[in-house]
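# fold the following, please.
(chains A and B)
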Amino acid sequence: MLLHILNRAPDTPACRQALSALGPADRLLLIEDGVIGALPAQRAAFPGVEGRLYALHEDLEARGLLGRHADGIQVVDVEGFVALTEACERTVSWY
Amino acid sequence: MRYAILLLAAPYSHQASHSALRFARALLARGHTLEGVFFYHEGVHNAARLAAPPQDEPHLVDGWAALGEAHGVPLQVCIAAALRRGLLDEREARRHGKQGASVEAPFELTGLGQLVDLGLRCDRLITFGP
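Numbering: from 1, shown residues only, chains lettered A, B, ... in the order given. The predicted model follows:
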């Protein structure tokens, strides 16, 4: 199980590459501008990633998006980010 | 667990340095060890000794230096990426006939082999890109 870390918004080459590389059990964490993908309007951008999609609390907050994420997205703070890296054997960053 | 961080972006150009520093502090707070931070590509600018950001902004260079000194974390800067961007410690400045050094301890200029070593030794290597 890999943790993929994405710092780009949906519809960018980095986002498309992350999705094409995502294994069936892998998890995807949205950080920095990647948290745009957590908005309800972007729900269609991450097909098949239900239950495995995370967004970083601090980066949502910095962009005024806290509480505006779509249902099914798990919001984690930086400690939760560390916990995800503990649980996943390897991480891949897409930028 | 043993962690290492690879930072590829310059401070103030991208969020990566902020993100990496925040992550480094959090992993140390959870009881892990940080075996090294490797600064590569534009990330070498995080070691710029003369950085002087406005006082109401986070000082990322000082932030990394403080973290390195407080927790004994090696701050390793790719020497090839640094030299071509004007980031030289005293030894390299002398060697290249330059006045003044732009990199000082706790940052150290090292080779790419150190990154390979971190990747082999550590349980986790986390990359923060631009």
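# from here on, contacts and neighbour counts on C-alpha atoms
Fine.
# need phi/psi at the residue lying closest to A:I31 once chain neighbours are set aside.
The shortest distance from A:I31 to any residue other than its chain neighbours is 4.9 Å, reached at A:N7 (C-alpha to C-alpha, 6 or more residues apart in numbering or on different chains). Dihedral pair for A:N7: phi -110, psi 20, per degrees, to the nearest 10.
# so A:N7 is in contact with A:D33, correct?
Yes: using C-alpha atoms under 8 Å, A:N7 is in contact with A:D33, at 5.4 Å.
# residue contacts, the residue nearest to A:I31?
For A:N7, the contacting residues are A:L30, A:I31, A:E32, A:D33, A:G34, A:V35, A:W94, A:Y95, by C-alpha atoms under 8 Å, 6 or more residues apart in numbering or on different chains.
# got a pLDDT number for it?
The model reports A:N7 with a pLDDT of 98.
# next one: A:R43
On pLDDT, A:R43 comes in at 89.
# since we're on it, how many residues are nearby?
Residues within reach of A:R43, counting by other C-alpha atoms under 10 Å in any protein chain shown, total 17.
# please apply the same query to the one 5 residues further on.
A:G48 is flanked by 12 other residues according to other C-alpha under 10 Å.
# confirm it sits in a strand?
No: secondary structure of A:G48 (DSSP: H, G, I helix; E, B strand; the rest coil): coil, not part of a strand.
# quick check: it vs chain B, distance?
Applying C-alpha to the nearest C-alpha, to the nearest Å, the value for A:G48 to chain B is 25 Å.
# break down the chain into its strands, ranges please.
Picking chain A for this. A:2-6, A:27-30, A:53-56, A:74-76, A:90-94 (DSSP state E).
# my question was about chain B
So, for chain B - with DSSP E - the strands run B:2-7, B:33-39, B:75-78, B:107-110, B:124-128.
# wouldn't A:D26 be in contact with A:I5 here?
No: counting by C-alpha under 8 Å, A:D26 does not reach A:I5; the two are 10.8 Å apart.
# show me what from chain A comes close to chain B.
A:32, A:78-79, A:81-82, A:85-86, A:89-95 (C-alpha under 8 Å from any C-alpha of the partner chain).
# which two of these have the greatest separation?
Spanning the widest gap among the residues of chain A next to chain B are A:E32 and A:E89, at 22.5 Å by C-alpha to C-alpha.
# out of those two, which sits in the more crowded spot?
A:E32 (24 against 12).
# quick one: contacts for that one?
A:N7, A:R8, A:L56, A:D59, A:L60, B:Q15, B:S19.
# for the second one, give its distance to B:A52.
The one in question is A:R8. 29 Å (C-alpha to C-alpha, to the nearest Å).
# and these two? Which one has more around it.
A:R8 (22 against 12).
# so the more buried one makes contact with A:A18?
No: using C-alpha under 8 Å, A:R8 makes no contact with A:A18, being 10.0 Å away.
# in terms of neighbours, single out the busier of A:D26 and A:I5.
Counted by other C-alpha under 10 Å, A:D26 and A:I5 do not tie: A:I5 has more neighbours, with 26 against 16.
# fine, thanks again, bye for now.
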